[in-house]
Structures are given as structure tokens and as C-alpha cells.
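Peer 1: Requesting a structural model of the entry that follows:
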Amino acid sequence: MTGTSQRREPPPYDQPPTSAWTGWVVFGGVVLVVMGLIHVVQGLVALLDDEYYLVTAEGLVVNVDYTTWGWVHLGFGVIGGLVGLGLLAGNLAARIAGVVIAGLSILVSIAFSPAYPIWALIVITLDVLVIYAIVVHGRELQSTY
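Peer 2: Here you go, the predicted structure:
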């Protein structure tokens, strides 16, 4: 038998040790991707079927037609999905953009809430969790990659 051992090298001292909390950041990245898909679907519904929503455009917080809302949701969906993928890669710019996109998504969801209140509440809750994960534990994911 040869004396090969598989010892693990200790982590470098200049990086903080990672913890199980990195799962929160992965969760935040996955939620951003899923939230992006949700926004894309909402955008497509608003663009293709104005009568789907029970509230008319005049009943929304911001009085614009559903075509405008559709493009806003599509934009947030695409950007949110890309930022979520960047966040999963541990990118610092994606962490900053993720907080901004999640914050703006909260504002859009509040403004769109009369059309779909329960769904808006779900999206707002997920956005708050994403901001928490990125702000509190984002650095840990960056140090693992």
C-alpha cells in the first residue's frame, strides 16, 4: 500500500470561513430567477389579454394601460433572471443589482397589487427575503467561488 492521504488544505486566512448561510444566497439567486419568470408571465398576460385582470387600468395605483405594465413586467423579468444567474455565480455587481431589482420589484408589485393582490403579496415577501439573503450573507457566497 502506498501512503497516499487525502488531507484537506485549510482555507486561506484572508477569506472569512463560509457557513451554511450561503444557502440563503443561493436561495436568493434562485428566487430572483423564478421571480423573473413570474414577471415575464405577468408581462405576457398583460400584453396579450387585457381582460384577464378584474381591475381596469384606471383602478391601478399608477393609471397606465396594461400594455405599459406588460412591458414593465417583461423588463423586470429579464433583468431579474439575469441578475439571479449572476448572483448564483457570486458576482459582486449582481449582488448590488439584486438588491436594487428586488427593491424596485417591491414598488412595482405594490403599484400592481389591485390587479392581483395575493400574488403581489407573495412577490413582495420573496423580494424581502432576497434582499435579506443578499445583504446579510452575500459575501459568504462570493468567497466560496
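
Peer 1: contacts and neighbour counts: CA atoms only from here.
Peer 2: Noted.

Peer 1: quick one: buried residues of the strand or helix carrying residue 42?
Peer 2: Under DSSP states H and E, the secondary-structure element containing residue 42 is helix 22-48. Applying a neighbour-count criterion of 16 or more other CA atoms under 10 Å, the buried positions in helix 22-48 are 22, 24-47.

Peer 1: helices and strands around that helix, which ones?
Peer 2: Under the contact criterion of 3 or more CA pairs under 8 Å, 6 or more residues apart in numbering; DSSP states H and E, the helices and strands touching helix 22-48 comprise helix 66-88, helix 117-144.

Peer 1: what about the protein, any weak spots by pLDDT?
Peer 2: Residues of the chain that meet the criterion pLDDT under 70 lie in 1-21, 57, 138-145.

Peer 1: I'd like the distance between the residue nearest the centre of it and residue 22.
Peer 2: Against the mean C-alpha coordinate of the chain, by CA atoms, centre = their mean, the closest residue is residue 32 at 2.2 Å. For residue 32, the distance to residue 22 under the criterion CA to CA, to the nearest Å works out to 15 Å.

Peer 1: circling back to that earlier point, between the helices and strands packed on helix 22-48, which one is closest to residue 100.
Peer 2: The minimum distance between residue 100 and those falls on helix 117-144, with 8.7 Å, by CA to CA.
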